[in-house]
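*Asks:* Pasting a predicted model and its sequence here:
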Amino acid sequence: MSLLHWAILAPFIMAVFVPFLRKKAATIHTGWFVLILPVVLFGIFLQYLPVTMNNSSIIQTASWIPSLGINFTAYVDGLSLLFVLLITGIGALVVLYSIYYLSKTKESLHHFYVYLLMFMGAMLGVVLSDNVVTLYMFWEFTSISSFLLIAYWYNRDRSRYGAMKSMLITVFGGLMMLGGFLVLSIMGDTFSIRELAAQAPELNNHPLFLLAMILVLLGAFTKSAQFPFYIWLPDAMEAPTPVSAYLHSATMVKAGIYLVARFSPIFAFSGYWFWIVGAVGLFTMLWASFNAVKQTDLKGILAFSTVSQLGLIMSLLGVGAASLHFESLDDNIFTTAVIAAVFHLINHATFKGSLFMVVGIIDHETGTRDIRRLGGLMSLMPVTFTLSIIGAFSMAGLPPFNGFLSKEMFFLSMIQLMELNLFNVETWAVLFPVMAWIGSVFTFIYSMIIVFKVFTGKFQPEKLEKKPHEAPVGLLVSPSILAVLVAVFGLFPNLLSYSLIQPAAAAIVPSIIPPGEHLDVHISFWHGFSPELWMTIGVITVGILLYKFMPKWTGIYDYFPGKVTLNQFYNSGLYAAERGSNAITNAYMTGFIRSYLVYIFAFFIAALGFAIWAKDAFRYDASAAAPIGLYEVSLIFVLLAATITILLAKSRLTSIIALGAVGYTVSLFFVIFRAPDLALTQLVIETVSTALFLLCFYHLPKLSRHEEKRRFQAGNAIIAAGVGIIVTLIGISAHSSKLFASINEYYIENTYKKAGGENMVNVILVDFRGFDTLFEIAVLSVAALGIYGLIKLRLEKGGETNENE
Amino acid sequence: MKTNDVIFQTVAKVVFFMIIFFAIHLFFAGHYYPGGGFVGGLLTAGAIVLLLLAFDIKTVQHGFPLDFKWLIGIGLLFSAGTATGSLIFNVPFFTHAYNYFHLPLFGKTSLHTAMLFDLGVYFVVIGVTMTIIQTIGESE
C-alpha cells in the first residue's frame, strides 16, 4: 500500500468518522472538516504534475487476490491525473459551496457527507485503477453513492423515482461493462488495461473483439448519459444542487468519457469505434440541445445541456480515433479532435460547475427554478448575474471565454472529417459539421435563456416564495473561482496546453507519439477567417434571431408525439416488468410451506436424477467400505425408531423430541467415525434447533396433529421416496468412485506448516476456505435480520408507518 | 397456569456458567483441538437459550442488556476487518499471520490472526441465533 492507495482510500476512511464529527462538534458545520480532505488530496496530486508532463507515468501495485490476477493497481498518467485534479478540485469547491447551501440544523449532514466522500473515493478509484476488476468495483460504488445522493431528500417521490432510474440504468450499463471486461480479459489473458493496450493489434482480430467493444461502450454510454440512455440525468436533478454540480455535471457523468478515452488505445483502430462513438456522441449533442430549449426548469435546462456537452466530448473522442490510422505525427490533423475533447472536458467542468452553483443560488434565494416565474433579477443579484453571464457565454461558445476556443476546435475537427478517406465516411462526412453546427445553435439559445429569462424581463415578486436578494458571500466563492478560471483559461489557454492537455491527450493516443516527443498543442485565439470562425459567427447570428422569435417556432416541439418518448418506454417497461414478475410469483407462491417443499424436492430429484442417468454416474464398489459393527447397526435401529415416531406421534412435542433424537444419533455416528468437530457442532445445533422448534410450535393452535384426516397424497409419497433413493444413490456412488486425487493430502501437509494450526477442520474454516466462512456469516446475518424484519413488520402492521411522511 | 420450576431455574443458573466456560474453552482450543468460533458461538447461544427456557425473555434481557443485532454487526466487522487488514501490510486479502510467544502463566502460546477472524464468527453466530430466537419468542 503506497501513498497513492491511501489517497484513494482516504475519503472512505474519512467517511467513517463523519457521523462522529457531526455528533461531537455539532456547533461547527460538518462540511468544514470534510473540506480539508479534497484540498489536501488536490495538493498531493499536484505534485505528480511534473511526472505526467513528460508523458511518463507512475504505477503502484498492492496485491489483492493475486492468484486470480486481481490487484489493486494504481496508475497515474496524464489522463488519470487530469480527472483526479477535477475530482479533488471541483470536490473542494462543491464542499465549500455545500456548507452554505445545506443548513446545519435542518439537514442530516452526516448522511450527505458520508455519501459524498464515498463518491469521491470511488471516483478516484475509477480513474486511478489499472485493473479492470478494481475499476468495475469503484465504478459501481459511484452508481450506488449517486443513488444515495439523488435520494438524499428521500421523502420526496420524485427523488426516489430519479434515484431508482439512475440506479437501474447505470447499474445495467455497469454490468454490461463488466461483461466486456471479462471478454477482454479472456481475449488478452490479463486484467490490466496497460497490458491489454499493449496487445491491441492482436485483440483487433479476435472474433470477440466487437462484442467486448459494444459491452464496454454500453457501460460508458449509460454512465455518460448518451442517447438513448440519457433519460436518467434530467431526473437525477432532484438531488441537492451541490450534488448536481459535482456528480451530474463535473465528475461522475464524465466517468463514461474517461472509460472511452482510457480504452481508445485498445479499441480505436476499429472502424466501428469511430462510427459508434462519433455518431452516438454527435446525435446526443444535437438531440439534447434541441430538447434543452423547451425545458422550463433551470436545472432541467442544465441537465439536457450536460447531456449535450457530454455528447460533444464523446463525438470528439470518436473522431479522434481516426488519428490512430496515421503513423506520423506531422500530418496528423485528427489529433486536434483528441486535444479538443480534453480541452472541452476541462472547460465544461468549469463553466457548467459554476452555472449549476448559480442556479442553486437562484433556487436558494427565490425559492423557485421555474423560468416562467423568474425575471428581472439583474439589479437584485448583480454578482450572480455576472457569474451566470460568464458561464453561459462560455457554454454558448462566445469569446473571450474558454468555451469559445474549444467550440472552435470542435468545429475544426468536424470539418476536417471531410478530408478523411477511411471508414467509408466520404458520403456522410458533410453530416458531421452540419449536425455539430445545428446543435451549437440550440446550445446558444438555451444559454441565452438561462441568462436573460432569469435576469432580465419583468420582475414578478408575487410569484416567488421568498423575497429575493443577493446570496451570502460563502455561496458566491466557489462559482466565482470557477468563473475566474473560465475567463483565465479563455484568455491564456496555453497555461493548460502542456501541463494538462498534452499529457492527457497523449495518454489517449499513445501509439502515434514517438518516444520523447510531444503532441503539438497550441491553442490560439485568432487564426484568421477560417471556416470554423464563420461557423461560430453563423451560430451567433442564427441563434440571436431564433431566440428573438422563439414564440414563433417553439410549436415544432408539439409535433413530437408525447406517448412514444424514451421516458414513456422506461416507465411502461418498468411497470410491465413489475406486473409480470408479480404475476409469476403469485402463480407459485401459495403461502403453504408444503408446496414450496414440493417444488424444491421435485427439482432436486429431477436435476440430480437426470445427472446420474445422463452421466451414467452410478457406481457401486464395496471394496473400500469399512466393516459394519454392532454400534452402527444399533444406531441405525435407533434412527429408524425415532423417524417412525416422528410420523406417528400424536402430539407435536413428541415429534420434536423424536426429531432431536434423530439428530443426536447422527452425531453419535460422527463420534464413531472420528469426526469430533462435526459431532460437537451437530450436538449443539440439534439442541438449539429443538429449542427453536419448541418456540415456533408454541404459537400454533393446540390441535392434535392428526385430527383432520388428510387423504393420502400419492405425489408427496413419490417425492419423499424419490429424495430418499436419490440421496442414497449419491452416497453410494460418491463413496465408490474416485475421479481425482483427494485434497486431503494437501491439508494434512499444510495445516501445520502453512497455517500454524493442528485442527484441520478449523484451519479450513478460518484460513484455507476463509472466504466461504466470511460469506456464510454474512448470509447468516442477512437471514437473521430478514427474520427480524418480517416478524416485526407483521407485528406493527396496522399501526403508524412513518415511512412516507 | 403457574408452574413450579425452582429446581430447573437453580440448576440452569449453575449449568449456564459451565456451558459458557466450556464454550470459551472450545473457542480458544479451536485451532489445535476440536472447537472453534462456530461451535463456541452456538454453545454460548445454547447457554443463553437455556436461561430463556428456565426464566423468561424479560428476565434474560435484563441479565444481558445488549442488542444482539449489534453483535452481528460487530462480528462481521471483526471478520471482514481481519481479512481486509492484511492489505495494509501489503499482502493479499485474507492472508493470516501467526507466531509463537512465551507469555507469563500461559507458557508457549500461539497468537494467530485467525483467532480474530474466528472471534467475528463467534459473535455473528451468537448474534444471529439469539436475534432469531428472541424475535420469534417475543412475537406472542
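*Replies:* Yes, it's here. Everything quoted here is computed from the prediction, not taken from an experiment.

*Asks:* how much space between the spatially most central residue of chain B and B:Ile20?
*Replies:* Nearest residue to the geometric centre of chain B (C-alpha atoms, centre = their mean): B:Gly41, 3.6 Å. The span separating B:Gly41 from B:Ile20 equals 12 Å under the rule C-beta to C-beta, to the nearest Å. C-beta here means a position set from N, CA and C on the backbone, and glycine is covered the same way.

*Asks:* quick one, helices of chain B?
*Replies:* Listed in chain order, the helices of chain B (DSSP state H) span B:6-29, B:37-54, B:57-63, B:68-88, B:113-138.

*Asks:* among these, which is nearest A:Ile523?
*Replies:* Ranking the helices of chain B by their distance to A:Ile523 (criterion: C-beta to C-beta) puts helix B:68-88 first, at 43.1 Å.

*Asks:* just the angle between the closest one and helix B:113-138, please?
*Replies:* For helix B:68-88 and helix B:113-138, the angle between their directions (axes from the mean of the first three to the mean of the last three C-alpha atoms, to 10 degrees) works out to 160 degrees.

*Asks:* Against which helices or strands is helix B:68-88 packed?
*Replies:* On a contact count with 3 or more C-beta pairs under 8 Å, 6 or more residues apart in numbering or on different chains; DSSP states H and E, helix B:68-88 meets helix A:770-796, helix B:113-138.

*Asks:* To A:Gln682, which of those helices lies closest?
*Replies:* Nearest to A:Gln682 among these is helix B:113-138 (14.8 Å), distances taken as C-beta to C-beta.

*Asks:* Is there proximity between the closest one and chain A?
*Replies:* Yes. Applying C-beta under 8 Å from any C-beta of the partner chain, one finds helix B:113-138 touching chain A at B:114, B:117-118, B:120-121, B:124-125, B:127-129, B:131-133, B:135-137.

*Asks:* measure the closest residue to B:Phe55 other than its chain neighbours to A:Thr690 for me?
*Replies:* Of all residues beyond its chain neighbours, the one nearest B:Phe55 is B:Gln9 (6.6 Å), with distances taken as C-beta to C-beta, 6 or more residues apart in numbering or on different chains. Noted for B:Gln9: a distance of 20 Å to A:Thr690, by C-beta to C-beta.

*Asks:* Same drill for the two, tell me which one is more crowded.
*Replies:* Under the criterion of other C-beta atoms under 10 Å in any protein chain shown, the comparison of B:Gln9 against A:Thr690 puts A:Thr690 first, with 18 against 14.

*Asks:* So which bits of stretch A:642-659 are buried?
*Replies:* Buried positions in stretch A:642-659, judged by neighbour count with 16 or more other C-beta atoms under 10 Å in any protein chain shown: A:Ala642, A:Thr645, A:Ala649, A:Arg652, A:Ser655, A:Ile656, A:Ile657, A:Ala658, A:Leu659.

*Asks:* Could I get the phi/psi values of B:Phe89?
*Replies:* When read as degrees, to the nearest 10, the backbone of B:Phe89 gives phi -90, psi 20.

*Asks:* Please report the number of neighbouring residues for it.
*Replies:* Close neighbours of B:Phe89, defined as other C-beta under 10 Å, add up to 9.

*Asks:* OK, contacts around the residue of the stretch 101-250 of chain A found nearest chain B?
*Replies:* Distance from chain B to each residue of the stretch 101-250 of chain A (C-beta to the nearest C-beta) is smallest for A:Thr134, at 11.8 Å. If a contact means C-beta atoms under 8 Å, 6 or more residues apart in numbering or on different chains, then A:Thr134 has A:Trp64, A:Ile70, A:Asn71, A:Phe72, A:Thr73, A:Gly125 as its contacts.

*Asks:* got the contact list for the third one?
*Replies:* So that's A:Asn71. For A:Asn71, the set of contacting residues under the criterion of C-beta under 8 Å, 6+ apart consists of A:Thr61, A:Ala62, A:Ser63, A:Trp64, A:Ile65, A:Asn131, A:Thr134, A:Phe191.

*Asks:* one more time with 6 Å, if that's ok
*Replies:* Under the criterion of C-beta atoms under 6 Å, 6 or more residues apart in numbering or on different chains, the contact list for A:Asn71 reads A:Thr61, A:Ser63, A:Trp64, A:Asn131.

*Asks:* right, and out of those residues, which lies closest to A:Val766?
*Replies:* A:Val766 lies nearest to A:Trp64 out of the contacts of A:Asn71, by C-beta to C-beta, at 19.7 Å.

*Asks:* Check the secondary structure at the closest one for me.
*Replies:* Of the three states, A:Trp64 takes strand according to DSSP: H, G, I helix; E, B strand; the rest coil.

*Asks:* any idea how far it lies from chain B?
*Replies:* Noted for A:Trp64: a distance of 5 Å to chain B, by C-beta to the nearest C-beta, to the nearest Å.

*Asks:* can you list the domains in chain A?
*Replies:* By the record's domain assignment, chain A is partitioned as A:153-560, A:591-701+A:714-739, A:742-796 (automatic domain parsing).

*Asks:* Go through these and pick out the most buried.
*Replies:* Mean neighbour counts were compared across those using mean count of other C-beta atoms under 10 Å in any protein chain shown; the top stretch is domain A:153-560, at a mean of 21.
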